[in-house]
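Enquirer: next input, structure requested:
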Amino acid sequence: MPIFQAADIRDDLDLSADAVVVGSGAGGAVIAHELARLGHDVILLEQGAYHPTSSFRSDPQWSFENLYAQRGVTTALGLPPVLIPHGECVGGTTVINSGTVFRVPGRILSRWQAEHGAEGISSSALAPFYDVIEERIGATPAAWPALGELNRVIERGVQKLGLRGGPLVRNAPHCVGCGACVFGCPSGAKQSMLVTFIPAADQLGVRLYSEAVVDRVLTAGSEATGVAGRIVERASGTERARFTVRARVVVLAAGAFGTPLLLEDNDLCGTSGARGRHLHIHPAGGALARMPETVAGWRAIPQGYMVEDWADEGILLEGGFGPPGVVGLMVPGFGGAYQERMRDYDRLAAFGLMVEDRDSVGSVTRLAGRPLIRYALGRDDTRRLVFGWKQVLRILFAAGAVEAYPAIQGFDVLHGPGEIDRIDEHAVAGRDLTLSAYHPMGTCRIGANPRTGVVDANLEAWDVRRLFVADASIFPTALGVNPQATIMAFAARAADYLHRNRDRYFPA
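Expert: Okay, here's the model as predicted:
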């Protein structure tokens, strides 16, 4: 499969295929590959640029400029504002995520079936798709020594408190622990779409166009017939050509922001009122701690360990670490005090948490031609965040921390575990928390009918036939766990549905 880049295109393109897929991340790459494997002609379009593994530099600035949407500063407006970094490159967010692999909890699927019309979507029905996905991406528990001293520290605290913790399952079976997961894995050990499903699609004849900005979803009556857009150099913003792709099936996999905005721009799928609404993000926080020994957190899997004692309550503790320019944003103080703490960067440990957002309200829409993301943190979600934060602090102090930095307004530095209970989860306001999020979901959710959702249980749009959605926007609620494997499983399931019904969607 040639990966066409803007520099390769000199004339306008008029293309055709059985299926056109918009977006090359977890959903797009998988459904494109699976449709091709089943014998269908597929064109895959990606707005971001193509960067092979050999180009990755473990350099945050380079990665933000080349691999991330909006240079990594996409933000949901609210109190507090929430940073939501996500990928925009061939391979999508799988190129710059932490590699964590989970299956969706059965309790979530049961709720979807009972409340959202997700018929036929059960743990047993999804299991065959997960099995294939996990084998292909090498899903296996993170291992020592790549976990590094950073995760030894966390494990020490977890074991001292008698909690249920352990290494996370990741798609990096040969990880060397260089700590650069979120900047593009320079060793190629992380089995992102860039090094798995996209190269495999190469052998199946899929044509991939990078730097392809889709503006229009083409329709005839109530059926999708293709897409149109522009080839735009990412680095310069120069438009080099226009393209049209005619296809029997259109698949949108541009993510929980890109997909609803494309539908809004084309005034499609608005009947339910759910387009662009019901945004879930798994709001996340974390704490740093200064340890008495050298930790060298940059020589470890940043997100390699988890604690699941409160998972049924929608609270999951997971690791995280970063380079000085990122970690330094969480270190409190000014002048000499700040410099002293940063001089001990090699002694800093970090651990984090995220919650399954339940009473928060989020949306994405256009305002004056630009994306507008709103997110109002709910009271119960705030309470569970702060509760989880306190458990993170207890783990760090149990591991021997000298002092901890919670990144909660009014609690800049804690000097011992006895100070943790001063943080009252019933009193701390959302605006006092420093939050980020990495899992936008829900903005084109599955619904039982056209009044409640954008797509049906097979991921076909209620309002526009032959238009499918295969990304995290289809999830009716937050998953409570990292979503990449579930996005892939749903995409593979949709490809299977399309092929089983090929006489309808791909008539001879």
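
Enquirer: which one's the longest strand in this structure?
Expert: As assigned by DSSP state E, the longest strand anywhere in the chain is strand 239-252.

Enquirer: any idea how far that one is from the chain center?
Expert: Averaged C-alpha coordinates place strand 239-252 at 25 Å from its chain's average position (C-alpha atoms, centre = their mean, to the nearest Å).

Enquirer: and that strand, which strands flank it?
Expert: strand 13-22 (parallel), strand 223-232 (antiparallel), strand 467-469 (parallel) (DSSP bridges).

Enquirer: what comes up buried for the helix or strand just after the last one?
Expert: Counting by DSSP states H and E, the element after strand 467-469 in chain order, helix or strand, is helix 484-500. Of the residues in helix 484-500, those scored as buried under the neighbour-count criterion (16 or more other C-beta atoms under 10 Å) are 484-499. The way it works is simple: take the backbone N, C-alpha and C, and place the C-beta from them, glycine included.

Enquirer: I'd like the next helix or strand past helix 484-500.
Expert: Counting by DSSP H and E, what follows helix 484-500 is helix 502-505.

Enquirer: any chance you could list what contacts that following helix?
Expert: Under the criterion C-beta atoms under 8 Å, 6 or more residues apart in numbering, residues 40, 248-249, 466, 498 lie in contact with helix 502-505.

Enquirer: just the CA trace of that helix, in PDB.
Expert: The C-alpha trace of helix 502-505 is given here as PDB (Å, rounded to 0.1, in the frame of the first residue of the first chain):
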ATOM      1  CA  ARG A 502     -22.200  -7.800   1.400                       C
ATOM      2  CA  ASP A 503     -25.100  -8.400  -1.000                       C
ATOM      3  CA  ARG A 504     -26.700  -5.300   0.500                       C
ATOM      4  CA  TYR A 505     -23.700  -3.100   0.900                       C
END
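
Enquirer: what about it, average pLDDT?
Expert: Averaged over helix 502-505, pLDDT sits at 97.

Enquirer: equivalent analysis for stretch 20-31, please.
Expert: Mean predicted lDDT for stretch 20-31 stands at 98.

Enquirer: now do the same end-to-end measure for it.
Expert: 10 Å (C-alpha to C-alpha, to the nearest Å).

Enquirer: of the buried residues of helix 484-500, just say which sits nearest to Gly319.
Expert: Gln484 (16.6 Å; C-beta to C-beta).

Enquirer: the closest one against Arg103, yeah?
Expert: No. With contact defined as C-beta atoms under 8 Å, Gln484 does not count as touching Arg103 (11.1 Å).

Enquirer: residue nearest the centroid of the protein?
Expert: Residue closest to the average C-alpha location in the chain (C-alpha atoms, centre = their mean): His439, at 4.1 Å.

Enquirer: distance check, that one against Ile231.
Expert: 30 Å (C-beta to C-beta, to the nearest Å).

Enquirer: mind listing what's buried in stretch 449-460?
Expert: So for stretch 449-460, counting by 16+ other C-beta under 10 Å, buried means 450, 452-460.

Enquirer: and stretch 438-449, by the same measure?
Expert: Buried, per 16+ other C-beta under 10 Å, within stretch 438-449: 438-448.

Enquirer: perfect, that will be all.
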